[in-house]
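[1] Pasted the sequence and its predicted model underneath.
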Amino acid sequence: MVSPAPAGDRGPRRVVFAAGSVLVVIGVVLHVPSYWMTRDDHFAMAGMGMSPAMTTGMVLIVLGLGAAAWSLLPTWQRTAARGSGPRATRYAALDDAGFTRAHRALVTVLSVALVVDTMKPASLGFAVPGMRAEYGLDAGEAALLPLVAIAGTIVGSLLWGRIADLYGRRSTILLSALMYVATSICGFMPSYGWNLAMCALMGMAAGGMLPTVYSLMSESVPARRRGWIMVAQSGFGAAAGYLVASGCSTLLVPHYSWRALWLLGLPTGLLLVMLRRWIPESPRFLIESGRQEEAARVMARYGIRAVPGAGSGPAEASTDRRSGTVDGPGVGAEAEQRRFSHLLSARYRVQTWVIVLFGVSWGIVNWGFITFLPSFLTSAGAGTRAGNLLFISSALAVPATFIAAALYARWSSRKAMCLYAALTALVLVGYAVLRPERHGHGGTMVVLTALLLIASGGMAALLAPYATEVYPTALRATGSGVAAAGTKAGGLFGPLLLGSAPRLEGLALVSAVPLVAAGLVLWRHGTETRGTPLLEATVPGRPVGVVRTRSGT
């Protein structure tokens, strides 16, 4: 059995992280001269060779990422016996904490992270037309890029979710952000093959950010505000990310080519790294891992007092229903609870499949329909107007995300998800009937696309918080990663459908079918989470949560 050793040498680790970050940035910058040399040819780099500076830059990036990863991951030491560990320390119930300035800072920074994360996959649809023209690709060859990128996000969601449950939410977020910086060199790649490789890595980085952010949010925000804040944040991040991607496409692509969309990974990733001081580790993760002293420091930052008292022993967590306090579990039970197989145990099997089906159906819409609207519009003669239409539609969809938050927090989590699935299917039927891609139907396209982004954005906004609320702390990031992987797995159908060049109305109807199925399954088998405590730990046969002393969601 292993347990985390005290981080007694944080100074040198901070230096190593800074040095690794600098190496990554230098490695990216070494690619800039080759890119700038092609400005007279509208930055077309197809057919160029890899310069020595670019090769050196790639080596520095690998070294920098390795150093940063080492500095972020905790050190480990062996314990004398399984189940041993520090005496459990009781804390005032996290769910009853006030909403402090530190909470507001965390929500703000993680909202930025979600916007940046959403930009990456949303940019695919805007980059494919220019990439296809530069490399002379047919529809099938062009479809490989989003196919590879989406596959990367699936791997990233599963992998980073597990890492976040084993090593911590904060470290995972920072390493993902640094990978954004590193993979921005996708915009400098002279060959299509290199683009495929870099975009797969970019997808892995993007796939890991989302489940980790939501796990950290759900474990840090007080219960009375958790539901509506997370849903509003999720919806805003998705809509704003698409808005920023479409806006950058309108502003940058005409001047700096499609490559500029990938180069945005450098400033956006660095922004997240620079904001790291406002991203503390999850106190629930620290308690679950037996790191009581670190948890006390983080909780004090949120104005939560530590209450000394006898623990319930190393094998389980307990809840004091009179005071609303919670004990951290011993490290022996903690290791068992983190096993991936527990997602398919009798306790969580049904909910796991419900979440995956809902995510797959949304992924088909987002990646198989919305992501490729620019391509369909360009083929229909909309040209540069495609980016403008999607920008306007995204702007209209942003404020509507708060409606989903209110329904989730005040009405019903399960019913709200079913409602948004039905609305999304209905709008897709509208595309098939009205066919707004035809010339002269720009107003209809704006209205339908805005409605689609509102409805499908609501689905995404509701799924992420729901996934964090049906799993315990030890499996929360892993379960959220499975939900995120489900959304991306649905997206694998998008490139396949695009490669077969379907008509827009046919694609809309095909995308609507799984939505109806997901809504029906969720209505029948979904669990209502509104007003229920956030799970803190799971002992054999019994989930344990925090009991709140005041009402709220």
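    Cool, got the structure. Here the structure is a predicted model, which means the values were calculated and not measured. Numbers count the residues shown, from 1 in each chain.

[2] and the residue nearest to the spatial centre of the chain, what element?
    The centroid of the chain falls nearest to Leu210 when counting by Cα atoms, centre = their mean (1.4 Å). Using DSSP states H and E, the element containing Leu210 is helix 192-220.

[3] Check Gly227 too.
    Assigned by DSSP H and E, Gly227 falls in helix 223-256.

[4] what angle separates that helix from helix 192-220?
    Relative orientation of helix 223-256 versus helix 192-220 (axes from the mean of the first three to the mean of the last three Cα atoms, to 10 degrees): 160 degrees.

[5] I'd like the numbering to begin with 16 instead of 1 from here.
    Shifting the count to begin at 16 puts that one at helix 238-271.

[6] From the contact counts, what lies against helix 238-271?
    helix 116-150, helix 207-235, helix 274-278, helix 400-412, helix 416-425, helix 457-484 (3 or more Cβ pairs under 8 Å, 6 or more residues apart in numbering; DSSP states H and E). Every C-beta, even on glycine, is put in place using the N, C-alpha and C of the backbone.

[7] Quick check: mean pLDDT of the helix holding Leu225?
    Averaged across helix 207-235, the pLDDT comes to 86.

[8] any idea of the angle it forms with helix 457-484?
    Using the same axes, to 10 degrees: helix 207-235 against helix 457-484 is 60 degrees.

[9] Could you pull out the buried residues of helix 207-235?
    Of the residues in helix 207-235, 207, 209-211, 213-235 count as buried by neighbour count, 16 or more other Cβ atoms under 10 Å.

[10] circling back to that earlier point, please tabulate the helices and strands packed on helix 238-271 in a markdown table and include distance to Val375 as additional columns.
    Shown next, in a markdown table, are the helices and strands packed on helix 238-271 (distance: least, Cβ to Cβ, whole Å):
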| stretch | distance to Val375 |
| --- | --- |
| helix 116-150 | 16 |
| helix 207-235 | 15 |
| helix 274-278 | 26 |
| helix 400-412 | 22 |
| helix 416-425 | 20 |
| helix 457-484 | 11 |
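
[11] and the ones you listed, which one's lowest on average pLDDT?
    Lowest mean pLDDT within those: helix 400-412, at a mean of 62.

[12] re the thing from before, which residues are in contact with the residue nearest to the centre of the chain?
    129, 132, 172, 479, 495, 499 (Cβ atoms under 8 Å, 6 or more residues apart in numbering).

[13] The fourth one and Ser249 touch, don't they?
    This points to Ala479. Yes - Ala479 is in contact with Ser249 according to Cβ atoms under 8 Å; the separation is 4.8 Å.

[14] shared neighbours of these two, which are they?
    With Cβ under 8 Å, 6+ apart as the test, Ala479 and Ser249 both reach Tyr229.

[15] For Trp85, grab the count of nearby residues.
    13 (other Cβ atoms under 10 Å).

[16] Chain neighbours aside, what residue packs nearest to it?
    Leaving out its chain neighbours, the residue that sits closest to Trp85 by Cβ to Cβ, 6 or more residues apart in numbering is Val31, at 6.5 Å.

[17] secondary structure element for the one you found?
    helix 25-44.

[18] Show residues contacting that helix.
    Residues from elsewhere that reach helix 25-44 (Cβ under 8 Å, 6+ apart): 22, 71-76, 78-87, 189, 193, 196-197, 199-200, 281, 285, 288.

[19] Pull out the buried positions in it.
    In helix 25-44, counting by 16+ other Cβ under 10 Å, buried: 28, 31-32, 35-36, 38-40, 42-43.

[20] Show the pLDDT at the closest residue in space to Met146 that isn't next to it in sequence.
    Distance criterion Cβ to Cβ, 6+ apart; nearest residue to Met146, sequence neighbours excluded, is Trp273 at 5.6 Å. pLDDT for Trp273: 90.

[21] Go ahead and confirm Trp273 touches Phe141.
    Yes - with contacts counted by Cβ under 8 Å, Trp273 reaches Phe141, the gap being 7.2 Å.

[22] Would you mind telling me which of those two has the busier surroundings?
    Phe141 (25 against 21).

[23] Thought Leu276 was touching the more buried one, still the case?
    Yes - using Cβ under 8 Å, Phe141 is in contact with Leu276, at 6.1 Å.

[24] shared neighbours, the two?
    Applying Cβ under 8 Å, 6+ apart, one finds that Phe141 and Leu276 are jointly contacted by 260, 264, 268.

[25] Going through the residues you listed, which ones are buried?
    260, 264, 268.
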